[in-house]
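[1] requesting a structural model of the entry that follows:
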Amino acid sequence: MSVSSGSARDLLVGMVSTPSPSGEERTAAERLVDFFEAHDREAWLDEVGNVRAPADDRVLLTSHIDTVPGEIPVRTEDGTLWGRGSVDATGPLCAMACAAVVSHTSFVGVVGEETDSRGAWHLIEDRESPDALINGEPSGWDGVTLGYRGMLAGTYVATSESGHTSRPEPNAIQHAIGWWSRVEERFAPDEDEEWGPVFERVTTKPVEIEGGTDADGLSVSATLDGQFRVPPSMTTEEVREIAEGQLRTDTDAAGTVNWGKPIPPVMESPRTELARAFRVAIRGEDGDPRLLRKTGTSDMNIYASAWDCPMVTYGPGDSDLDHAPDERLDLAEYDRSIAVLTEVADRL
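    The predicted model follows:
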């Protein structure tokens, strides 16, 4: 079955106009189900809220339904669609839905990618591996992403006795700051690494810190949330051990770290049949294929940790506009991405 350019654009505008921040995806998900049913495809919501539209499983097209918060007035101006999610990742999601209908390919729209990736985690537990997987995130219509760094998140927790601020002994807040300072120093790039690609090194980022005297007035508590981005040359376990190694001093005896679920890095080969199909399809649309490595993390990391099949990430849009207040997508690029995805699915 075909999907006209007008119908494809109507789907995109309608989905971008439907708020879908993480945890509130249901209305957008139901709209996506309606699109598949209108094109004679069976589709439903599974128990976590993913949109499932199974078909030919030689290729699985999947992208995320949720967006980050932030209200951007939806408008179309000079061939460009403005709105939250137009790039990350409603544009790729809708392009994949259209390509899935045309090529009769399996499709899943997942929930929660911007928070805990609960949709992707559920998917790898609920179904077998496809023969090949295309994950939807903005790469530009002529770009194909082969690699992502992994992520490890942890929360440092410390408690100390309260005391007058004139006392020289460090309190829990100083313990937390001290631990993170040592962590940053330990992972700081050396002179050679500083000029190399960020993709190839560990980066650290504190994302939240809280501390102060507890309500009972007898103790001081501190928590610090930190994230580590992990290159393919290392494992998340190695990074965790190094970070915990910075705890082992007498002054930090009270501090511990509670770790979240690790997401391993991924680096796919450019020589797979899937990657070759993308290069051919992009050239067929008069493009010059670009092979990319991203310094962030995506659901592709999760799929690669469980499924031994070729995979890439692809989708229209400039990733520099992810989460930005001026997020926008060129509609001609969206159209070309549908053509590329359809050609790749047909080739495979």
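
[2] let me see the domain layout of the protein.
    Split into domains by automatic domain parsing, the chain comes to 5-149+265-347, 150-259.

[3] may I see the ones you listed organised as TSV, with mean pLDDT and mean neighbour count added?
    No exception for glycine: its C-beta is placed from N, CA and C like everyone else's. Converted to TSV, the domains of the chain look like this (pLDDT from 0 to 100; neighbours: other C-beta atoms under 10 Å):
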stretch	mean pLDDT	mean neighbour count
domain 5-149+265-347	97	20
domain 150-259	88	16
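
[4] which residue is the nearest non-sequential neighbour of residue 42?
    In space, and not counting its chain neighbours, residue 42 is closest to residue 53: 6.8 Å by C-beta to C-beta, 6 or more residues apart in numbering.

[5] list the contacts of the most centrally placed residue in the chain.
    With distances taken as C-alpha atoms, centre = their mean, residue 298 lies nearest the centre of the chain, 2.9 Å away. Residue 298 makes contact with 113, 135, 137, 145, 148, 313, according to C-beta atoms under 8 Å, 6 or more residues apart in numbering.

[6] one more: residue 144?
    275, 278, 279, 282, 289, 290, 291, 292, 312, 313, 314 are the contacts of residue 144 under C-beta under 8 Å, 6+ apart.

[7] what's the closest of the residues you listed to residue 123?
    When those are compared for distance to residue 123 (C-beta to C-beta), residue 313 wins out at 15.3 Å.

[8] so how far is stretch 283-290 from its chain's centroid?
    From the chain centre to the centre of stretch 283-290 is a distance of 25 Å (C-alpha atoms, centre = their mean, to the nearest Å).

[9] just stretch 1-11 next, same as before
    Per C-alpha atoms, centre = their mean, the centroid offset for stretch 1-11 relative to its chain is 26 Å.

[10] contacts for it?
    35, 39-40, 94-95, 97-98, 101-102, 104, 331, 334-335, 338.

[11] returning to that earlier point: just send the contacts of residue 144 back as JSON lines, with secondary structure and distance to residue 194 too.
    Output for the contacts of residue 144, formatted as JSON lines (DSSP: H, G, I helix; E, B strand; the rest coil; distance: C-beta to C-beta, whole Å):
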{"residue": "275", "secondary structure": "helix", "distance to residue 194": "31"}
{"residue": "278", "secondary structure": "helix", "distance to residue 194": "33"}
{"residue": "279", "secondary structure": "helix", "distance to residue 194": "33"}
{"residue": "282", "secondary structure": "helix", "distance to residue 194": "33"}
{"residue": "289", "secondary structure": "coil", "distance to residue 194": "30"}
{"residue": "290", "secondary structure": "strand", "distance to residue 194": "25"}
{"residue": "291", "secondary structure": "strand", "distance to residue 194": "24"}
{"residue": "292", "secondary structure": "strand", "distance to residue 194": "22"}
{"residue": "312", "secondary structure": "strand", "distance to residue 194": "30"}
{"residue": "313", "secondary structure": "strand", "distance to residue 194": "28"}
{"residue": "314", "secondary structure": "strand", "distance to residue 194": "31"}
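
[12] for these, give me TSV that also has distance to residue 237.
    What follows is the contacts of residue 144, written out as TSV (distance: C-beta to C-beta, whole Å):
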residue	distance to residue 237
275	28
278	32
279	35
282	37
289	34
290	32
291	28
292	26
312	26
313	24
314	30
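
[13] okay then, goodbye and thanks.
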